[in-house]
Each structure stands twice: as C-alpha cells, then as structure tokens.
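J.: sequence first, then the predicted structure, then my questions.
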Amino acid sequence: MQRFPSDAAMGEYLADRIAEVLRAKPDALLSIAAGTTSFPVFDALKRRVRAGELSFAQGGFFGMDLGLIHLKLDYRDGRWVSDAAAARSEVEPICRDKADCVAPDTRIAALVDDLHAATVDYVNTPVGHADFRMSSYFADLGNMTALAVVNAAQRDYVKQWVADNRPALAGVPVLSAAAAFRTGFGGVDDYTNVPPGDITIRNAADLYYYPNTLSAVKIDGATLKAWLERSAERFNRVNPDDTKPQALINTRMPGYNFDQIQGDGLAYVIDVSRPRGERVTRLTLHGKPVAPGQTFIVATNNYRASGGGHFPGLDGTRTLLESPDATREILIQWLKDHSRLTRADVPPRSWHFAPLHTRGEVTIQAPAGQLGLARALGLHLRVLEKHDDGTATYVVGFPPQS
C-alpha cells in the first residue's frame, strides 16, 4: 500500500497519475466525482489539468449538497464522444435553509416507510443509563465526557483480549485513544450531546459516529509522546505577547485526528505557546515520567492503527490486535454491562493545558449558551460574542491547575 506523509502529498501523487492518463489517452476520462475526503486531490488536479479537459464535482458533507456534472455527448464514428467545451459542473444544496429543502419523493417514502419506522424503533432501544451529560462541546479544551466512555469500553475489551490471548503481556499498561468525531464542522448541530438519563443505541452512534473496528498497537514511550504531539497540532501556536485575538483551534487539523489518550495513572500537559513537536511538556504514568523505551498497548481504531491521520510510528506494523468487532458494538455492549453509569465508571480527564498568561485574547468557537456547562466542567471561559448561527466566540483562559 502506498503511504503518504500528508493528505496534500497524497493529492499531488494521485493528481500526477490522473494527469498522466489524460496526456496518454485524452478521451479515457471525462469527469471525476468524489466525497469531501478527497479535497486534496481536487486542489492538486485543478493546478494540473487545463480548463475544459476534465469536469469536477464534489458533493457536500453529510449529504448537504449534491454534486452535478453535465456532459454533452455526441455519437460519432460508432462511438460516443464528449463535447468538452459544453461540459460544466455545479453543486446544488439539498436545503437552501432549514425551511426550504428539496421535497421527498412520495413514491420512495411509501416503499421504505415500514423499514424507516423499524429503524427508528431500533435506534431508540435503551441500552443503559447515565447520571451525567456526555458531550463534545469543548472537547478541544479537555471535556472528555463523551470520550471517556469510548476509552473505557475500548480499554476493557483490549485488556480482556490480552488476558485471553497474550498472557505474557499481562504486565504492560493498556491505554486507549479516542477523538471527538463531531466538533462543529457541520454547524452548530454537529456535536455529540447525550443528556443524563436513558442511553439508547442512537446515543451510542452519537458517541461513536463512524463504523470503525477496534485495533490495538504495541508501542514504546517515544511513540506515545509522538502520538500526543501529532494530536496537539489541533492547536495553533499561541504568542503570549500578541495583543490581537488569536484563534486556538487549527481548523486544518480535523477534530477526528485530535486523539485524547486515557489509562490508569496517565497524565500529560500541552503547552500551546510552544512549536509543533514540543508541546507535550510533561508525560507521566503514576506520577513518574514516561521513559522513551517503556512499553504500552494502546486501544484505538483500525483507521489510526493502519496509518490514518499520519501519526508517527503508526503505519500498520505495530498492530497487535485487529478485531472483527465494530467499536460502536463494543461500546453498546459495554454500556449494557454498566447499565447504571456514573462518573466513577469512566476514567478521569488525563490532560490539561500548561498555565499561560496572554496579553491578547485566545478564542474558540462553540455553541452559544454553554458557558454554565463549561464552568461546571472546570473550564475557564467567558463569552466574547454571540453569532446569528447559534454559535459564540469564547475567550479561553489557561490558569495554573490546582
């Protein structure tokens, strides 16, 4: 399998190959359609392909927009030929606003109505109960309430697998890595938010959004540190002396690549004033510094274990376990086994920001009206501005930890 150091490098490579095909066989390829994950390829292709050679279409995320390619085909000399000059592409929104969406086809609705109703009943099936809110609001600031249940389920699964299949590794610390998949990319409603009370299968799908399977990797302390450093690229570097507002979040680093790792006794500190690769200033296990050669087993997903996200040392060669079980199903079973869930059942927050005094404001975007939740979580925020789209700009504080 070809591996790349970045999405941009992958885009350049694939664009080169496609351009080669076009040069060798101009009529071999008329158009390209792809999902939002392919934007680096599109960016690179636009720089390599002459106008009129190729039509592009890229639909919006979560089915919000439909990518359309219009081709004019003429039948000549026994074959269909595209009129490149007449080709065009466009993107049409499914909903121009919440009250103006494309009407459903009543014929299709009638065909799937029973299946739809059965699916709704299924996803509303209770699997447990929790006495605390699990949300990804402020997950970038260390709110791990939605991640801790995933990490607990993954870690328990791997610990049992090690005990059953690798007893010689019984003394190796088992950690777990999880990222918040929903951090507002799709708008103010694109966050995980499971209120206290009954937990349903729908909630479990909200807590673990993607159909990954569980994996485990065996790594050393140096790789663990590099893993956390890569995750910390989620943050822009903050200049404490800058008097202008500075955005904390690096939006070019997706939230699903901000892994937050938990495990018995694991603790680390992130200093956002330091350059990339030097931000994890303290990494300890049971109060002792993690040694570069120290061995760990980390529960994660198949995407990350096989190289997804370009994390140093994670390229598929260190995989200890490739489970056939979907992480979401593992989580559902764990919730059933812990049917009266309390905070004591999940690991505590494992990391904090280093104390930092800034002359200007450091800001983050999040849903409006959540200041009380942030303060209840021990986060130091104040509202700077509310916006018409339901979000707000918050000012982040970095005080010493008690």
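T.: Thanks, I have the structure now. Numbers count the residues shown, from 1 in each chain.

J.: make it CA atoms for all contacts and neighbour counts henceforth
T.: OK.

J.: mind listing the strands for the stretch 51-200 of the chain?
T.: For the stretch 51-200 of the chain, applying DSSP state E, counting those that start in this stretch gives strands covering 55-58, 65-70, 73-76, 79-82, 88-93, 95-97, 100-101, 126-130, 134-135, 174-178, 193-194, 197-200.

J.: closest to Tyr394 out of those?
T.: strand 134-135 (17.3 Å; C-alpha to C-alpha).

J.: if we can go back for a sec, any idea which of the strands of the stretch 51-200 of the chain is most buried?
T.: strand 174-178 (a mean of 25; mean count of other C-alpha atoms under 10 Å).

J.: ok, back up a step: the strands of the stretch 51-200 of the chain into CSV, with extra columns for mean pLDDT?
T.: Converted to CSV, the strands of the stretch 51-200 of the chain look like this (pLDDT from 0 to 100):
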stretch, mean pLDDT
strand 55-58, 72
strand 65-70, 84
strand 73-76, 86
strand 79-82, 81
strand 88-93, 84
strand 95-97, 82
strand 100-101, 85
strand 126-130, 97
strand 134-135, 97
strand 174-178, 98
strand 193-194, 96
strand 197-200, 97
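
J.: so for Pro324, which of the ones you listed sits nearest?
T.: Ranking these by proximity to Pro324 (C-alpha to C-alpha) places strand 174-178 first, at 17.7 Å.

J.: what does that closest one rub up against?
T.: Contact with strand 174-178 is made by 147, 150-152, 154-155, 158-159, 259-264, 296-300, as judged by C-alpha atoms under 8 Å, 6 or more residues apart in numbering.

J.: repeat the analysis, applying 7 Å as the threshold.
T.: 147, 150-151, 154-155, 159, 259-263, 296-300 (C-alpha atoms under 7 Å, 6 or more residues apart in numbering).

J.: give me the subset of those lying in helices.
T.: Members of the contacts of strand 174-178 lying in helices (criterion: DSSP state H): Leu147, Val150, Asn151, Gln154, Arg155, Lys159.

J.: buried residues in stretch 305-316?
T.: If you call a residue buried by 16 or more other C-alpha atoms under 10 Å, then stretch 305-316 has these buried ones: Ala305, Ser306, Gly307, Gly308, Gly309, His310, Phe311, Pro312, Gly313, Leu314, Asp315.

J.: distance between the ends of it?
T.: Distance between the two ends of stretch 305-316: 6 Å, counting by C-alpha to C-alpha, to the nearest Å.

J.: distance from that stretch to the middle of the chain?
T.: From the chain centre to the centre of stretch 305-316 is a distance of 15 Å (C-alpha atoms, centre = their mean, to the nearest Å).

J.: residues contacting the spatially most central residue of the chain?
T.: Nearest to the geometric centre of the chain sits Tyr256, at 1.4 Å (C-alpha atoms, centre = their mean). Residues counted as contacts of Tyr256 (C-alpha under 7 Å, 6+ apart) are Ala179, Ala180, Phe181.

J.: now tabulate those residues in CSV and tack on neighbour count.
T.: Shown next, in CSV, are those (neighbours: other C-alpha atoms under 10 Å):
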residue, neighbour count
Ala179, 26
Ala180, 27
Phe181, 24
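
J.: for the stretch 201-350 of the chain, what spans make up the strands?
T.: Under DSSP E, counting those that start in this stretch, the stretch 201-350 of the chain gives strands at 213-220, 246-247, 260-262, 266-270, 280-285, 288-289, 295-301, 319-326, 340-341.

J.: quick one: which of the ones you listed is nearest Gln333?
T.: Of the strands of the stretch 201-350 of the chain, the one closest to Gln333 (C-alpha to C-alpha) turns out to be strand 319-326, at 10.9 Å.

J.: who's in contact with the closest one?
T.: Pro211, Asn212, Thr213, Leu214, Ser215, Ala216, Val217, Lys218, Ala305.

J.: same check, this time on stretch 213-226
T.: Counting by C-alpha under 7 Å, 6+ apart, 290-302, 305, 312-313, 318-327 sit against stretch 213-226.

J.: out of the residues you listed, which end up buried?
T.: The neighbour count (16+ other C-alpha under 10 Å) marks 290, 295-302, 305, 312-313, 319-323, 326-327 as buried among the contacts of stretch 213-226.
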